[in-house]
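**Student:** with the input below, show me the fold.
(one chain, ligands or ions: 1)
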Amino acid sequence: MAEILPPEPWTGRSDPEDGPNALRLHHRAGADGARVALLGFACDEGVRRNKGRPGAAEGPSALRAAMAGLAVPAGWPGFADLGDVGVTGSDLADGQAAMARRIAEGLVRHDRAVVLGGGHETAFASWGGLRRARAGRIGIVNIDAHLDIRNPGAEGASSGTPFAQIRAEDPEGFDYLVLGLSEEANTQALRERAAEWSVGVVADRALQSGAEPARAAVEALCARVDQVYLTLDLDVLPHAVMPAVSAPAGRGVPLHVVEALIDMVFDCAPTVPVADMVEFSPRLDPSGCAARSAALLGRRLLLGRGDSRQD
Ligand SMILES: [Mn+2]
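**Tutor:** This next block holds a predicted model:
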């Protein structure tokens, strides 16, 4: 069953003595005229079916808490929090359908929906919401160690199947690029399927010192689509930075390179109406340090093109 969970109030540190520009993310929640909507998908069922470690359902509220105190530029128009869709029980398809509807509704009033997962089953809802709300060709850029194009198993769809499901819905329009793929974490069967489906791949090993090796593939995809759906699986980060995922990466792509990849997509894409960040499991982050890194990336997705650059 899917339930609509209203947004919680945003709270955090305030420093009024430093003047009107001492703004943090929580100060811009619910701002009038916000172009960006934030939504959460509180769901563990996809990871459970994928035989992973649960906890992703607690991701949206933990990520909000970690993002709340981050500084934002004074001119940033802010964001609207549309709350979460919670999946209770085992009806994943019903939960994804409810989430897709919420995203599509959000895109009526806002230019971009930023979705906090949930496992990577969130992607089927993100893409579904975008397809419902906007016409035109969709290119998918997935920053991830994994292809997530498995065939559904005995229990059906999971966090390992979303991009195969998307292709099944729209085989002609399927245009999919994975950045940060770990050769060792994807079976030969999956890599052969990716080649058969013309999936673009840039390996994690090519992205150790910078994002430039991905530029040609990102620019080519952006040139042939009308809009990009950007999806970020936190398990692309090295395990020392991001232990709080079901499947931590043995190698991973460094945080600064992931930031540069996000910037590259926002710079190249005609538009990015939906971006999501998935697989964060706070119960696997006892120190809270992984949440701090995830929050930097969530902030970048919220601020989008240009606005996130303070470096
Ligand atoms: Mn994934």
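**Student:** every contact and neighbour count from this point should use C-alpha atoms.
**Tutor:** OK.
**Student:** counting contacts, what elements does the helix or strand hosting Ala113 pack onto?
**Tutor:** Taking DSSP states H and E as the definition, one finds Ala113 inside strand 112-116. If you count contacts as 3 or more C-alpha pairs under 8 Å, 6 or more residues apart in numbering; DSSP states H and E, strand 112-116 packs onto strand 36-42, helix 59-67, helix 92-109, strand 274-278.
**Student:** which strands border that strand, and is each parallel or antiparallel?
**Tutor:** Strand pairing for strand 112-116, determined by DSSP bridges: strand 36-42 (parallel), strand 274-278 (parallel).
**Student:** quick one: these as JSON lines, columns for mean pLDDT, distance to Gln208 and mean neighbour count too.
**Tutor:** What follows is these, written out as JSON lines (pLDDT from 0 to 100; distance: least, C-alpha to C-alpha, whole Å; neighbours: other C-alpha atoms under 10 Å):
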{"stretch": "strand 36-42", "mean pLDDT": "98", "distance to Gln208": "30", "mean neighbour count": "28"}
{"stretch": "strand 274-278", "mean pLDDT": "98", "distance to Gln208": "21", "mean neighbour count": "27"}
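**Student:** can you say which of those is nearest to Glu8?
**Tutor:** Closest to Glu8 of the strands paired with strand 112-116 is strand 36-42 (C-alpha to C-alpha; 11.5 Å).
**Student:** follow-up on the earlier one: give me the contact list for the strand holding Ala113.
**Tutor:** With C-alpha atoms under 8 Å, 6 or more residues apart in numbering as the test, strand 112-116 has contacts from 35-41, 59-60, 63, 103, 106-107, 126, 272-278, 301-302.
**Student:** that strand: what's the following helix or strand?
**Tutor:** Going down the chain from strand 112-116, the next helix or strand is helix 122-133, by DSSP H and E.
**Student:** which strands or helices does that next one pack on?
**Tutor:** Other elements packing on helix 122-133 under the criterion 3+ C-alpha pairs under 8 Å, 6+ apart are helix 92-109, helix 162-169, strand 227-233, strand 274-278.
**Student:** one more time with 10 Å, if that's ok
**Tutor:** On a contact count with 3 or more C-alpha pairs under 10 Å, 6 or more residues apart in numbering; DSSP states H and E, helix 122-133 meets strand 36-42, helix 92-109, strand 112-116, strand 138-143, helix 162-169, strand 227-233, strand 274-278.
**Student:** mind putting the ones you listed in TSV, distance to Ala295 included?
**Tutor:** TSV is the format used below for the helices and strands packed on helix 122-133 (distance: least, C-alpha to C-alpha, whole Å):
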stretch	distance to Ala295
strand 36-42	13
helix 92-109	21
strand 112-116	11
strand 138-143	16
helix 162-169	24
strand 227-233	12
strand 274-278	10
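**Student:** relative to Gly200, which of the ones you listed is closest?
**Tutor:** Between those, strand 138-143 lies closest to Gly200; by C-alpha to C-alpha that is 9.2 Å.
**Student:** what pLDDT, on average, does the closest one get?
**Tutor:** In this model, strand 138-143 carries a mean pLDDT of 99.
**Student:** what strands flank that strand, and is each parallel or antiparallel?
**Tutor:** strand 176-181 (parallel), strand 227-233 (parallel).
**Student:** those: which one's closest to His27?
**Tutor:** For the strands paired with strand 138-143, the distance to His27 is smallest for strand 227-233, at 25.2 Å, taking C-alpha to C-alpha.
**Student:** circling back: may I see the strands paired with strand 138-143 arranged in CSV, with mean neighbour count as well?
**Tutor:** Shown next, in CSV, are the strands paired with strand 138-143 (neighbours: other C-alpha atoms under 10 Å):
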stretch, mean neighbour count
strand 176-181, 26
strand 227-233, 25
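**Student:** nearest to Ala249, out of those strands?
**Tutor:** Evaluated with C-alpha to C-alpha, the strands paired with strand 138-143 place strand 176-181 nearest to Ala249, the distance being 10.1 Å.
**Student:** from what I see, Leu179 and Gln208 are in contact.
**Tutor:** No. Applying C-alpha atoms under 10 Å, one finds Leu179 not in contact with Gln208, separated by 11.7 Å.
**Student:** overlap in contacts of the two?
**Tutor:** Common contacts of Leu179 and Gln208, defined by C-alpha atoms under 10 Å, 6 or more residues apart in numbering, comprise Val253, Val258.
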